[in-house]
Structure formats: structure tokens, C-alpha cells
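> this one's structure only:
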């Protein structure tokens with residue numbers, strides 16, 4: 001075999017979606033009498049990933065990330081005959097768009113979903129008063145800064161349910177997001193009314209006292225001044241039905257994806273993290289797409305069914321964190337699904353749960369990635385490929401030599417973190433032992 005470089009040149013990448021303008025090296029190579037061209041360089045792997053993508057999933061392969069997004073899009077209904085209310089797909093709202101849209105529609109309004117784009121983080125950094133805020137907060141400022149709407153439904157969600165677990169609370173930043181957005185819009189003199197009642201989604205609010213509180217909090221806004229208990233009660237029922245139907249559909253998407261992965265012998269990867277990170281294209285650095293391009297089936301953690309045998313993890317009181325840690329343990333117990341955790345730079349809960357995630361999965365293939373929303377896919381491709389290499393090796397070992405009873409007896413003891421994160425089981429010296 002003989003190869004020699006015959007020509008070197010350089011050009012500038014002028015990708016319209018990026019303003020970096022990276023220099024790209026172009027090399028012509030004479031390989032056994034044939035001319036080959038190799039491209040390299042740039043801040044992203046655009047010119048360094050094989051164009052053939054021989055490992056990528058087939059086009060007909062299920063894509064639960066896209067299926068979930070398509071389902072959410074169906075809840076938008078901008079009927080010109082009704083007053084339009086905007087619902088931003090941000091923060092704690094991200095997992096409850098069917099509930100929120102169903103509620104607003106049942107009250108007699110039209111719904112417009114406000115979503116991020118590739119420039120949302122950059123715009124949000126200019127709009128947000130705190131430079132140190134996490135990426136999702138900055139994205140929320142950009143998404144809500146929309147003069148095409150007059151009314152913005154951004155409730156203060158106080159707790160979040162989980163049909164297969166205890167649920168929990170949003171993080172403190174998510175709880176304060178409605179006030180942050182409201183004050184931010186007022187400071188820039190936008191004519192947008194932010195409707196921000198308190199919502200308890202993990203409690204029964206149909207009782208007399210909580211229902212009266214909700215009605216009173218809504219009637220403070222002119223758009224809802226004609227509401228009564230009956231209207232709100234019917235809207236709550238419609239909202240819950242929409243959310244329940246949606247949640248069941250997600251689990252179906254996940255099961256279809258798993259079935260395909262098992263049949264085609266491709267590694268299923270459960271993507272763990274806050275819903276407003278893993279599903280937001282402005283925050284997730286295209287991780288689900290990179291996984292598929294490298295031959296793995298990416299399944300979001302809200303599409304993976306969690307069996308009753310997985311511990312409740314009562315001390316993990318953030319709702320999304322509780323769900324994705326339990327999804328990770330589900331994956332490890334199955335021994336056929338592989339967890340990837342994606343967090344956003346500056347996320348407070350993730351700074352705690354990353355260590356729990358790692359301890360839970362000790363000895364089992366997994367990886368943790370952190371996105372700042374600015375770097376695109378640069379750096380993630382090689383890390384995901386390395387992760388999938390370890391997954392494929394593990395799968396090959398399992399196929400070649402399944403575990404015996406002796407192997408299971410000799411396995412290292414379970415991490416002590418399992419005992420600690422279940423309420424009341426830890427007897428150490430720390431103040432939170434109860």
C-alpha cells in the first residue's frame with residue numbers, strides 16, 4: 001500500500017447556522033493510483049465525521065425523541081376565532097405541555113407553543129439580568145420575549161407527579177422562573193401579561209379549598225375574570241386526561257424503540273437528565289442525533305418504563321432527577337440498556353446527582369456529559385464513540401459468556417448510595433439521616 005500527499009489547501013467554513021468561520025484544511029492524497037480528499041479542522045466535527053455514516057441507524061428506525069416532539073406539537077391550536085395564549089416550552093413546564101394546553105383550551109382559549117431555536121441561548125444571555133444563571137433560564141428569557149403574543153401562561157409549578165414513582169419538586173430556579181420572566185419583560189416594557197398562578201400537579205386540587213384558591217388566583221387576571229369553579233373543574237379534568245394519554249404514548253414510543261434495538265442488536269441508550277435539557281435543541285448539543293449517527297438507539301428517560309422493583313429514592317426530591325436516576329437503575333438492572341446523563345452547565349441539582357448517578361452505576365457502562373449550549377457537537381462525538389465502544393465490548397462479553405451464579409456471588413457489593421438515597425434507611429452522622 002502506498003499513499004502520498006499531493007496537494008494542501010485551506011478554505012473557510014461559511015455555515016449559515018454558525019458564525020465562527022473556522023479554517024478547514026483540505027488535503028489531496030494519492031492512494032494506490034486513486035485520488036482521495038481528506039478534510040480536517042474546525043470547532044465542530046462537521047468535516048471530520050465520515051460522510052458514509054455506515055454505523056448510523058436505518059431511516060425507518062423508531063425515534064422516540066422526534067415522536068415525542070411531534071406529539072407535543074399537536075397540542076398547539078392557534079384558532080383565529082379565540083384569544084391566543086402562549087405557553088413556553090421551558091423549565092418545569094417542559095414535561096407538562098399536554099396538561100397546560102388542555103387546561104387553557106378547556107377554558108375557551110387558543111394555544112400557541114413558544115419553543116427555542118439555535119439562537120435562543122445567545123439571545124437569552126443578552127436578556128437575562130444574571131450572567132451566572134444556568135442555560136435553561138437564559139433560554140427561557142429568549143423564548144418568552146415574544147411580542148407576537150399578548151398573554152403568556154407561565155404558572156409557578158410547585159410539585160411534579162410521576163406515574164411510575166413518587167414525583168417531586170422542580171428546582172428552586174424553576175419555581176422562581178415565572179417571577180424572573182415577568183420582571184424581565186416589564187423592565188423592557190413589553191406589553192405581555194404573564195399569568196403565573198401556583199399549580200400543584202402532584203396533589204388533588206379538586207377539593208373545595210384548593211380549587212377555590214386556584215380560581216381566585218386565576219381571576220386576578222382580566223383574561224380570566226369571568227371564570228367560575230365549574231369552568232376550572234372541567235378544565236382540570238380535561239388537562240389531566242390529556243397528560244395521562246400523553247404519558248402512556250411516551251412509554252409506547254420507548255417500548256417500540258427497545259424492541260427495535262433488541263431485534264437489530266443495536267445498543268439502546270437511555271438519555272437521562274432534566275426534561276428541559278435533554279429535549280431542548282438549544283441545550284442538548286444534539287446528543288440524541290449523535291447517538292443515532294453512531295449506531296445507538298437514543299431513548300429519553302421519560303419514555304422508559306420503570307418497574308415497581310426499582311427503589312423510590314425518596315431523598316432525591318427533585319422530580320426530574322428522581323426519574324432519571326431511577327431510569328438509570330432500571331437500565332442497569334436490565335443489563336441491556338445503557339445510561340447517558342446530560343446536564344446543563346450551571347445546573348445546581350446536577351452538581352449533586354452526578355455523583356449519585358456515578359455511584360449507582362459503578363462497574364456498568366455509562367457516561368456523563370455536560371453541555372454549555374455554545375460548543376455545538378464539538379468534543380461530544382469522540383466521547384460518545386468511546387462510550388459506545390465500551391458498551392459494545394460489554395454486550396459482546398455478555399453474549400460470549402453470560403453470568404453464572406458464581407459470577408453473581410463474586411460480584412462487588414452494591415454501592416452504599418442505594419441505602420442513603422432511600423428515606424429512613426441511612427444511619428450515618430449527617431443531619432439529613434431522617
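Everything's here; your move. Just so we're clear, the structure is a prediction, and the values are computed from it rather than from any experiment.

> From here on, just use CA atoms for contacts and neighbour counts.
Will do.

> Give me the mean pLDDT for the helix or strand harbouring residue 330.
Taking DSSP states H and E as the definition, residue 330 sits inside helix 319-334. Averaging pLDDT along helix 319-334 yields 96.

> Residues in contact with stretch 198-210: which ones?
Around stretch 198-210, the neighbours that count as contacts under CA atoms under 8 Å, 6 or more residues apart in numbering are 155-161, 167-168, 211, 214, 217, 233, 236.

> Now list the buried members of the residues you listed.
Neighbour-count burial (16 or more other CA atoms under 10 Å) applied to those gives 155-161, 167-168, 211, 214, 233, 236.

> Now residue 143. Nearest residue, chain neighbours left out?
Spatially, and ignoring its direct neighbours in sequence, residue 143 is nearest to residue 116 (5.7 Å; CA to CA, 6 or more residues apart in numbering).

> so who does residue 134 touch?
Residue 134 neighbours (CA under 8 Å, 6+ apart): 344, 345, 346, 347.

> name the element residue 385 belongs to?
Residue 385 is part of helix 380-400, with elements assigned from DSSP H and E.

> now for that helix, which elements pack on it?
The helices and strands touching helix 380-400, judged by 3 or more CA pairs under 8 Å, 6 or more residues apart in numbering; DSSP states H and E, are helix 287-293.

> next SSE after the helix it packs on?
That would be, after helix 287-293 and using DSSP H and E, strand 297-300.

> If you count contacts, what does that following strand end up packed against?
By 3+ CA pairs under 8 Å, 6+ apart, strand 297-300 packs against helix 64-73, helix 229-264, strand 268-272, helix 287-293.

> Now tell me what touches that strand from outside.
For strand 297-300, the external contacting residues (CA under 8 Å, 6+ apart) are 57, 63-65, 254, 257-258, 261, 266-272, 278, 288, 291-292.

> repeat for stretch 135-152
84-88, 90-91, 114-116, 120-121, 123-125, 127-128, 173, 177, 181, 184-185, 190-195, 276-277, 282-283, 344-346, 372-373.

> same question, stretch 250-261
61-64, 67-68, 267-268, 297, 299-300, 302-305.

> tell me which of the residues you listed is nearest to residue 98?
Distance ranking of those against residue 98, using CA to CA, places residue 68 first at 11.4 Å.

> Just among the contacts of residue 134, which is most surrounded?
residue 344 (24 neighbours; other CA atoms under 10 Å).

> Okay, now the unreliable bits of this structure?
Along the chain, the model assigns pLDDT under 70 to residues 1-3, 17-19, 31-32, 42-54, 373-378, 401-415, 423-434.

> Work out which residue lies at the spatial centre of it.
residue 278 (2.2 Å; CA atoms, centre = their mean).

> now the angle between strand 268-272 and the helix holding residue 385, please.
130 degrees (axes from the mean of the first three to the mean of the last three CA atoms, to 10 degrees).

> buried sites along helix 380-400?
Buried residues in helix 380-400, counted by 16+ other CA under 10 Å: 380, 381, 384, 385, 387, 388, 391, 394, 395.

> Could you tell me how far the third one is located from residue 264?
Spelled out, it's residue 384. From residue 384 across to residue 264, the span is 20 Å (CA to CA, to the nearest Å).

> likewise the second one?
For residue 381, the distance to residue 264 equals 23 Å [CA to CA].

> got the end-to-end distance for stretch 190-208?
Start-to-end, stretch 190-208 (CA to CA) is 36 Å.

> Quick check: buried residues in stretch 12-21?
residue 13.

> Can you pull out the residues in contact with that stretch?
22, 23, 24.

> May I see the ChimeraX selection of the buried members of those residues?
Selection of buried members from the contacts of stretch 12-21 for ChimeraX, criterion 16+ other CA under 10 Å:
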select :22,24
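
> Show me the contacts of stretch 12-21 that map onto strands.
23, 24 (DSSP state E).

> Adding distance to residue 30, write the contacts of stretch 12-21 out as CSV.
Below are these laid out as CSV (distance: CA to CA, whole Å):
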residue, distance to residue 30
22, 26
23, 23
24, 20
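
> Tell me the one among the contacts of stretch 12-21 nearest to residue 34.
The closest of the contacts of stretch 12-21 to residue 34 turns out to be residue 24 (CA to CA; 22.4 Å).

> quick one: that closest one and residue 41 touch, right?
Yes. Residue 24 is within contact range of residue 41, at 5.0 Å (criterion: CA atoms under 8 Å).

> Just give me the neighbour total for residue 379.
Neighbours of residue 379 (other CA under 10 Å): 12.

> again, but for residue 309
Residues near residue 309, counting by other CA under 10 Å: 8.

> quick one: it from residue 138, how far?
The gap separating residue 309 from residue 138 is 38 Å, by CA to CA.

> thinking again about what came up before, which ones among the contacts of stretch 198-210 lie within helices?
Per DSSP state H, helices hold the following members of the contacts of stretch 198-210: 211, 214, 217, 233, 236.
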